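Asks: Sharing a sequence plus its predicted fold:
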Amino acid sequence: MISVLSRLVLACLLLLWQWAAADAQAVSFPELNSAVPGHQDVTYLDLARMVVPDLAAGDDSFYKSSAPIEMRHILGGDEGGPPPETVNLPNAAVPAIKVGGKDRLTMLFDLGRAQDSAEGFAALALYELAGKPKLLDSVNVGTDQNSYFRDPGKLALGPGDDALITMSAHFNSNQGYVSTILILVRDDRFEPIDQINTFDENVCAYKRTQDLSFQTPGDEKPYAAIKVTVTDTTRPSGESCEEPAPEAASRDISVTYHWDDARSRYVRDSDAFEKLSAENAKRF
């Protein structure tokens, strides 16, 4: 059991390092008290306070505050947990994007969890920096304990528009649960494209992973198609274990999203990810 737990912890640390390394070009993690490039009189802390108004530096390198401003959940309805009563924020993830041909800045704040809540609260904010900085929109994208931008962080949908990719996850002794959300930014508002749930296992006899990749094939207007592929891979460990080892296997599960003018939203070409989620639920 110790060897299994050690392998999982190492795998999780490696995965988080890979996400951070892969996001390095698209997503930065600036000090909150540093100036926004091109706006020397504006700091990232100034922008953060538009979402968490009384945010202030503590004595432990964390920024502390009470609850953030009210905001909807990106998935709508009753999704998402409540914000924590007290915020402890080490930094924020910051990508610059294009919206309708205009320059915009986004910031993702993982604000932690409220007491007795299974889900974290992660605020995704959209800013206009031309002239006086302005908060254009904010949503909660938290669906699990910890939230991040997922590699590659953003996708170009054309010369003047980008989509965002966030993820929420938690890990236990031998399982990893990941929820990925594709987000369109249109008319300076965040809109969900889809939520994709994946499930990893790392036990004595085998390791099974479900990795995502993203492509924008073609030049459809006004927004490019988005092809998302889950690569579901099983690798036997070769160790002597109580449970039998499955055979090595790998399969690709793909869904393509096309912009539908009549519905004014992205539409997927299959329910393959819903079926995958149902399959995974039987393995929990």
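Replies: Perfect, I can see it now. This one's a predicted model, so the numbers in the text were calculated from it and none came from an experiment. Numbers count the residues shown, from 1 in each chain.

Asks: Strand partners (parallel or antiparallel) of the stretch of helix or strand F199 belongs to?
Replies: Per DSSP states H and E, F199 falls inside strand 189-202. Sheet pairing of strand 189-202 (DSSP bridges) gives strand 175-186 (antiparallel), strand 206-215 (antiparallel).

Asks: Please save the CA atoms from it in CSV.
Replies: Output of strand 189-202 as CSV, limited to C-alpha atoms (Å, rounded to 0.1, in the frame of the first residue of the first chain):
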residue,chain,number,x,y,z
ARG,A,189,-19.0,37.7,-21.0
PHE,A,190,-18.0,34.1,-20.1
GLU,A,191,-20.1,31.4,-21.6
PRO,A,192,-19.7,27.6,-21.1
ILE,A,193,-19.0,25.4,-24.1
ASP,A,194,-18.9,22.1,-22.3
GLN,A,195,-17.7,20.3,-19.1
ILE,A,196,-15.5,17.1,-19.6
ASN,A,197,-15.0,14.7,-16.7
THR,A,198,-12.1,12.3,-16.6
PHE,A,199,-10.9,9.8,-14.1
ASP,A,200,-7.4,8.4,-13.4
GLU,A,201,-6.4,5.3,-11.4
ASN,A,202,-3.0,4.2,-10.0
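
Asks: what distance separates that strand from the centre of its chain?
Replies: Computed by CA atoms, centre = their mean, to the nearest Å, the chain-centroid distance of strand 189-202 equals 8 Å.

Asks: Any chance of the backbone angles for the residue located most distally from the centre of the chain?
Replies: No residue in the chain sits farther from the centre than S240, which is 36.6 Å out by CA atoms, centre = their mean. Dihedral pair for S240: phi -80, psi 120, per degrees, to the nearest 10.

Asks: What sits closest to V230 if chain neighbours are left out?
Replies: Take V230 and drop its neighbours on the chain: the residue closest to it by CB to CB, 6 or more residues apart in numbering is I253, 4.5 Å away. (C-beta placed from N, C-alpha, C; glycine too.)
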